[in-house]
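> sequence? don't have it. structure:
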């Protein structure tokens with residue numbers, strides 16, 4: 001299922017249906033639909049509409065309660081939704097932003113908070129449950145475990161432990177950081193939660209609080225904190241094929257942007273830029289299944305197309321992939337020592353079918369070398385290269401590998417360099 005523009009469609013790998021339903025955007029500049037599957041039915045919220053889609057009958061209809069009423073404030077409806085403890089959970093209601101609402105256990109159509117015969121399975125809300133409302137504006141819902149629901153706030157994070165109708169309670173996790181808006185989080189296979197912090201940056205917290213809240217974005221945090229997130233749709237998903245985290249930073253308008261991938265095996269961040277802005281992800285879904293063909297990260301694009309990440313394809317839906325990596329900074333001796341690169345060899349992977357360019361940058365500091373023009377360059381292909389014996393001198397150096405031809409792939413196995421340390425400039429011998 002996908003929402004394209006203001007219409008809901010169902011699709012398979014080869015076909016797409018006609019529109020099943022339509023949404024009315026309250027603000028066309030900030031139009032976003034959130035969804036949650038529960039008991040064979042998909043439920044949709046967008047702040048203006050409540051809709052549902054039933055797969056067994058392939059029909060869509062307005063989502064209305066058969067007992068009680070769905071939360072609203074005038075024309076406003078909830079914008080956030082998730083499934084937790086057998087309940088559909090709603091929040092993000094303009095006019096009541098600290099409140100949360102839960103359906104009856106096992107019944108997304110029952111929002112009766114005061115039935116004639118009360119049970120622990122009854123619907124609940126922050127304004128009528130002992131746990132109470134949040135102490136902050138709710139920006140995100142995270143069904144962490146069967147017993148723990150995180151409420152991301154504008155400047156804090158709260159934890160509901162246990163069902164609210166069975167003496168469940170709400171506790172403050174931190175008042176130093178909140179969460180971004182919507183589904184800006186994901187969990188890895190070990191149950192570690194990763195999320196976008198309200199002050200910028202990516203954070204993680206271990207299963208059931210066993211691992212303290214940690215900043216994951218490291219050196220990129222300053223870059224992330226400079227982002228204007230009001231103009232971005234931020235999404236995360238864990239890619240089991242690549243064992244890492246995709247961070248999608250998609251602007252509200254079709255302008256160039258940089259997304260990021262966190263490689264969990266190496267603890268490193270990699271920037272991703274799509275030449276075609278239609279490829280920027282406006283919606284993300286991780287599929288699963290018993291065969292590799294059923295395990296993909298689906299990406300909804302600006303143009304209404306749904307694409308998927310395929311590691312065997314050598315282009316981005318027909319657009320050439322330009323790739324590069326900087327290795328360094330290379331420094332030997334002390335911070336004031338100069339060195340000479342005298343020998344350079346590379347072993348490229350056997351499946352490399354591209355001509356890979358290498359550039360050497362040099363300078364008196366890591367920053368100066370990184371910003372310098374290429375001092376020397378050459379090309380490598382698959383297998384062991386010939387030794388490069390042109391000399392390069394400097395205090396710091398970088399090696400850049402790059403390739404931009406269409407439908408090509410490359411890999412690096414090893415690079416060996418020989419460097420000679422020079423005496424410190426102007427050194428004197430004391431007598």
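Structure received. Quick caveat, the model's predicted, so the values are computed rather than measured. Residues are numbered from 1 along each chain as shown.

> helix, strand or coil for residue 220?
When classified by DSSP: H, G, I helix; E, B strand; the rest coil, residue 220 comes out as helix.

> now it, nearest residue through space, not along the chain?
residue 269 (5.5 Å; Cβ to Cβ, 6 or more residues apart in numbering). Quick note: C-beta positions are derived from backbone N, CA and C, even for glycine.

> Which secondary structure state does residue 116 sit in?
Going by three-state DSSP: residue 116 is coil.

> phi, psi of it?
phi -60, psi -40 (degrees, to the nearest 10).

> so who does it touch?
Neighbour list for residue 116: empty [criterion: Cβ atoms under 8 Å, 6 or more residues apart in numbering].

> I'd guessed residue 193 sits against residue 214; true?
No - using Cβ atoms under 8 Å as the test, residue 193 is too far from residue 214 to be in contact (10.8 Å).

> who has more neighbours, the two?
Between residue 193 and residue 214, counted using other Cβ atoms under 10 Å, residue 193 has the larger neighbour count: 19 against 12.

> Against which helices or strands is the helix or strand of the chain with the lowest mean pLDDT packed?
The weakest-scoring helix or strand in the chain, judged by mean pLDDT, DSSP states H and E, is strand 21-22 (a mean of 78). With contacts defined as 3 or more Cβ pairs under 8 Å, 6 or more residues apart in numbering; DSSP states H and E, strand 21-22 has these neighbours: strand 7-9.

> circling back to that earlier point, please state the offset of the least confident helix or strand of the chain from the chain centre?
28 Å (Cα atoms, centre = their mean, to the nearest Å).

> that older thread, could you pull out the residues contacting both of residue 193 and residue 214?
204, 205.

> Sheet partners, orientation included, of the least confident helix or strand of the chain?
strand 7-9 (antiparallel) (DSSP bridges).

> next one: phi and psi at residue 249?
According to degrees, to the nearest 10, residue 249 has phi -120, psi 90.

> re the thing from before, quick check: buried residues in the very next helix or strand once past the least confident helix or strand of the chain?
Downstream of strand 21-22, the first helix or strand assigned by DSSP states H and E is strand 34-38. Residues of strand 34-38 classed as buried under the neighbour-count rule (16 or more other Cβ atoms under 10 Å) are 34, 35, 36, 38.

> And stretch 240-250, by the same measure?
242, 244, 245, 246, 247, 248, 249, 250.

> Of all pairs in those, which one is the farthest apart?
Across the buried residues of stretch 240-250, the longest distance by Cβ to Cβ is 19.5 Å; it joins 242 and 250.

> Quote the end-to-end distance of stretch 64-81.
15 Å (Cα to Cα, to the nearest Å).

> Give me the contact list for that stretch.
For stretch 64-81, using Cβ under 8 Å, 6+ apart, the contacting residues are 26, 32, 34-36, 43-50, 63, 88-96, 99, 101, 104, 107, 109-113, 115, 123, 125, 138-141, 182.

> likewise stretch 305-323?
2, 11, 239, 241-242, 274-276, 278-279, 296-301, 402-410.

> Quick one: buried ones out of these?
Applying 16+ other Cβ under 10 Å to these flags 2, 239, 242, 274, 279, 296-301, 403, 408-410 as buried.

> for these, which one is nearest residue 394?
For the buried ones among the contacts of stretch 305-323, the nearest to residue 394 is residue 403 (25.0 Å; Cβ to Cβ).

> and the gap between the closest one and residue 322?
7 Å (Cβ to Cβ, to the nearest Å).

> can you check residue 246 too?
19 Å.

> likewise residue 261?
Distance, residue 261 to residue 322, using Cβ to Cβ: 16 Å.

> Then residue 119?
60 Å.

> So between these two, which is more surrounded?
Shown here are residue 119 and residue 322; by other Cβ under 10 Å, residue 322 has more neighbours (13 against 10).

> And that one, its phi and psi?
Torsion angles, degrees, to the nearest 10, at residue 322: phi -100, psi 120.

> Looking at it now. What's its pLDDT?
Listed pLDDT for residue 322 reads 91.

> now swap in residue 230 and tell me
In this prediction residue 230 is given a pLDDT of 86.

> Can you get me a residue count around it?
With other Cβ under 10 Å as criterion, residue 230 counts 8.

> secondary structure class for it?
Strictly by three-state DSSP, residue 230 counts as helix.

> All the helices of the stretch 101-250 of the chain, residue numbers only.
221-225 (DSSP state H, counting those that start in this stretch).

> Okay, and the beta partners of the residue nearest the centre of the chain?
Centroid-nearest residue in the chain: residue 236, 2.1 Å away (criterion: Cα atoms, centre = their mean). Counting by DSSP bridges, residue 236 forms beta bridges with residue 247.

> One more: residue 323?
residue 403.

> And it, how far from residue 273?
From residue 323 over to residue 273 (counting by Cβ to Cβ), the distance is 11 Å.

> out of these two, which sits in the busier spot?
residue 323 (16 against 12).

> So that one versus residue 270, what's the distance?
Taking Cβ to Cβ, one finds residue 323 at 10 Å from residue 270.

> quick revisit: what residues does the residue nearest to the centre of the chain make contact with?
183-186, 194-196, 202, 245-248, 284.
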